[in-house]
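K.L.:
predicted structure and sequence below. I'll ask about it afterward.
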Amino acid sequence: SSSSTKAQYCCFTYNDGVRAYQQKSAKWHWLDRELSSNMAGETGAVYIYKGAMFAMNYVRPRSFTSQAHEFVQEHYQNEMSHLQYFQSIVSDGKYTSLLPLWRMAGWTLGFVPTVVGGSEALYVTVHAVESFVEEHYQDQIQPLRQQGNSNELLRLLEHCCEDEVHHKNDAKEKLLTSSGSSDGDTTETQILNAWWVQPWSLIVRQGSIIA
């Protein structure tokens with residue numbers, strides 16, 4: 001029986017294994033699910049900024065400071081680089097079928113707050129989203145650190161997580177600046193405890209968890 005087994009698999013090459021893995025019918029490893037989720041999340045993030053840019057440029061073109069425009073452009077470029085990273089390592093067969101929904105949801109999440117609440121609402125939205133994303137990346141980073149056998153992937157995830165933490169902190173800083181905390185008119189506590197900030201943050205966070 002051992003000879004028949006050898007005969008059966010003697011011509012099964014590495015490329016055959018790659019092709020078998022890439023088939024849509026192939027079973028998914030937990031990392032497949034996580035990386036597919038990352039790509040979907042980064043897609044949503046890109047479209048958050050696309051929605052915000054549309055609102056800023058075409059719906060309320062004279063309502064935003066240069067700081068707000070720079071915030072959106074910088075974060076958009078950064079999220080695009082993240083998306084390209086994951087597109088390069090996630091095979092087509094491991095893409096989620098819900099990417100169109102992620103694009104629509106992300107665009108809406110960027111567009112609506114920006115139109116209704118201006119840059120302050122956008123900053124609160126980004127802070128809430130990135131708070132969840134940071135936890136999501138850490139849920140992947142910790143097991144990989146323990147396993148110790150995926151160092152390149154671990155470095156990529158750590159890099160992306162660090163960027164998301166920067167986005168979160170930058171959004172908070174811009175919120176405080178645009179709301180008057182820097183000039184002493186309004187305290188940080190007053191801004192973060194405004195009647196709409198916590199409820200909206202909770203809605204965004206719960207939506208991110210469900211997605």
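P.N.:
Now that the structure is in, tell me what you want to look at.
K.L.:
if you count contacts, what does the helix or strand containing R103 end up packed against?
P.N.:
Under the assignment given by DSSP states H and E, the secondary-structure element containing R103 is helix 99-147. Taking 3 or more Cβ pairs under 8 Å, 6 or more residues apart in numbering; DSSP states H and E as contact, the helices and strands that helix 99-147 lies on are helix 30-54, helix 66-89, helix 151-178, helix 197-210. Glycine gets a C-beta too; all of them are placed from N, C-alpha and C.
K.L.:
figure out how far the shortest one is from the centre of its chain.
P.N.:
Think helix 197-210. Chain-centre distance of helix 197-210: 15 Å, with Cα atoms, centre = their mean, to the nearest Å.
K.L.:
in it, what's buried?
P.N.:
197, 200-201, 204-205, 208 (16 or more other Cβ atoms under 10 Å).
K.L.:
with the longest one instead?
P.N.:
Of the residues in helix 151-178, those buried by neighbour count under the rule 16+ other Cβ under 10 Å are 153-154, 156-158, 160-161, 163-164, 167-168, 170-172, 174-176, 178.
K.L.:
likewise stretch 72-81?
P.N.:
Here stretch 72-81 shows 72, 75-76, 78-79 as buried, counting by 16+ other Cβ under 10 Å.
K.L.:
cool, and stretch 34-51?
P.N.:
Of all the residues in stretch 34-51, those buried under the rule 16+ other Cβ under 10 Å are 34-36, 38-51.
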